[in-house]
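Chemist: Next come a sequence and a model predicted from it.
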Amino acid sequence: MTRETSRTIAEWATTAFGPARAEALVARAATEMDELRESLSQGDFDSIASEAADVAILLHRIAHDHGHDLSDAVDAKMARNRLRRWEPSGDGTGRHVAEPAVAASAAPAVSGAKSAPVETGEARLGDVLFDAKRISIRVRELAAAIERDLEGDILIVGVLKGAGFFTSDLARALRNPAHLAFVGVSSYGMNGSARGEPRLTSDVDVPVAGRKILLVEDLVDTGGTLSRLVDTFRQRGAADIRTAVLLDLVQSRPNRRLTPDYVGFETSATWVSGYGIDYKEKYRNLPDIHEVVLPSKA
Ligand SMILES: O=P(O)(O)OC[C@H]1O[C@H](OP(=O)(O)OP(=O)(O)O)[C@H](O)[C@@H]1O
Ligand SMILES: Nc1nc2[nH]cnc2c(=O)[nH]1
């Protein structure tokens, strides 16, 4: 039997019924849920699995239409659920209770772990927002979209340090005959504190005039870093410049200086870490992206 995925289910459903709006799919899933409830109340135990499958099929389609695979999402959510603390409600269900702040000296984070501590005790790693598997799926989806837009030879420029892993994964997912280069950009002064105008701390080692460039960033906040780089490469005569970011920090959008062409995920988190992204230079090595719980929220 075919092992179905959200993609195969969505493809079948779209061929059979045509495209659907999410609201219609949710309404239909609610109807299927009523049928499941009916089977239970009538003691029709033979049809329970089949009715539950009807609900799941609709959920798969909704997940796929929004760029996800439901089984992957369930795996990621269960990994989080297993690490959370729960308060039973008394009916066999329960709700999750907030984690206490973690002591400053506890062990470092591992993949999927919740609440790994930050050494300073000022902040701590919170929930996994995007786990390694989800990132890798999304990177392949981004690569497919980029390949559709940018044909032939391109120059991929990763922004160090944060985009190091994203650039290397995205570059390997692209089938263009690409050149690879990195730039260093710093928005901090010599004392490392105040954030100011981004300046180039290391440059690409190839000419950019006439090239199609894919600028790769881990995250976009104010957009200052990317817009500085776009201006720089435009002045040098680049033929086409596209920007790809893994994370869009949506809270900063109103004041943003640039809108990226390709976005992996949106997040309302104010600070994140892992998969190349640091908190005070730490946690770049973590395979998953975590929210960082800053002291005011801890
Ligand atoms: O949109 P912006 O406001 O410019 O912010 C985004 C930049 O900020 C972070 O870099 P950071 O300066 O922390 O350096 P890093 O990549 O070495 O961590 C991030 O990696 C982006 O490069
Ligand atoms: N602006 C911004 N910069 C970062 N550098 C590392 N993490 C972050 C983050 O969450 N936001």
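Modeler: Now that the structure is in, tell me what you want to look at. If you're wondering where the values come from, they're calculated on a predicted model, not measured in any experiment. Numbering: from 1, shown residues only. Ligands and ions are numbered 1, 2, ... in the order given.
Chemist: okay, now the residue in the stretch 51-200 of the chain that ligand 2 sits nearest to: neighbour count?
Modeler: Nearest to ligand 2 in the stretch 51-200 of the chain, going by Cβ to the nearest ligand atom, is Gly162, at a distance of 6.0 Å. To be clear about C-beta, it is placed using only N, CA and C from the backbone, and glycine gets the same treatment. Burial measure for Gly162: 22 neighbouring residues, criterion other Cβ atoms under 10 Å.
Chemist: Any buried residues in whichever strand or helix holds Ala49, and which?
Modeler: Counting by DSSP states H and E, the element that carries Ala49 is helix 48-65. Using 16 or more other Cβ atoms under 10 Å as the test for burial, helix 48-65 gives 51, 54-65.
Chemist: This structure: helices as residue ranges?
Modeler: Along the chain, counting by DSSP state H, helices occupy 6-17, 22-41, 48-65, 70-83, 132-149, 164-173, 224-235.
Chemist: same for the third one, what does it pack against?
Modeler: The contact analysis (3 or more Cβ pairs under 8 Å, 6 or more residues apart in numbering; DSSP states H and E) places helix 48-65 against helix 6-17, helix 22-41, helix 70-83.
Chemist: Can you say which of the ones you listed is nearest to Ala145?
Modeler: helix 6-17 (15.2 Å; Cβ to Cβ).
Chemist: how far does the closest one sit from the chain's center?
Modeler: The chain centroid and the centroid of helix 6-17 are separated by 24 Å under Cα atoms, centre = their mean, to the nearest Å.
Chemist: From the contact counts, what lies against it?
Modeler: helix 48-65.
Chemist: could you check the angle helix 6-17 makes with the helix it packs on?
Modeler: 100 degrees (axes from the mean of the first three to the mean of the last three Cα atoms, to 10 degrees).
Chemist: next one: helix 48-65 to chain centre, how far?
Modeler: Worked out by Cα atoms, centre = their mean, helix 48-65 lies 24 Å from the chain centre.
Chemist: send the alpha carbons of that helix over as CSV?
Modeler: Extracted in CSV, the C-alpha atoms of helix 48-65 (Å, rounded to 0.1, in the frame of the first residue of the first chain):
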residue,chain,number,x,y,z
ILE,A,48,-14.3,4.7,14.0
ALA,A,49,-10.9,4.3,12.4
SER,A,50,-12.4,5.1,9.0
GLU,A,51,-14.1,8.3,10.3
ALA,A,52,-11.0,9.4,12.1
ALA,A,53,-9.1,8.9,8.8
ASP,A,54,-11.5,11.2,7.0
VAL,A,55,-10.7,13.9,9.5
ALA,A,56,-7.0,13.3,9.2
ILE,A,57,-7.1,13.4,5.4
LEU,A,58,-8.6,16.9,5.5
LEU,A,59,-6.0,18.0,8.0
HIS,A,60,-3.2,16.6,5.7
ARG,A,61,-4.6,18.7,2.9
ILE,A,62,-4.7,21.8,5.0
ALA,A,63,-1.2,21.3,6.2
HIS,A,64,0.1,20.7,2.6
ASP,A,65,-1.7,23.8,1.3
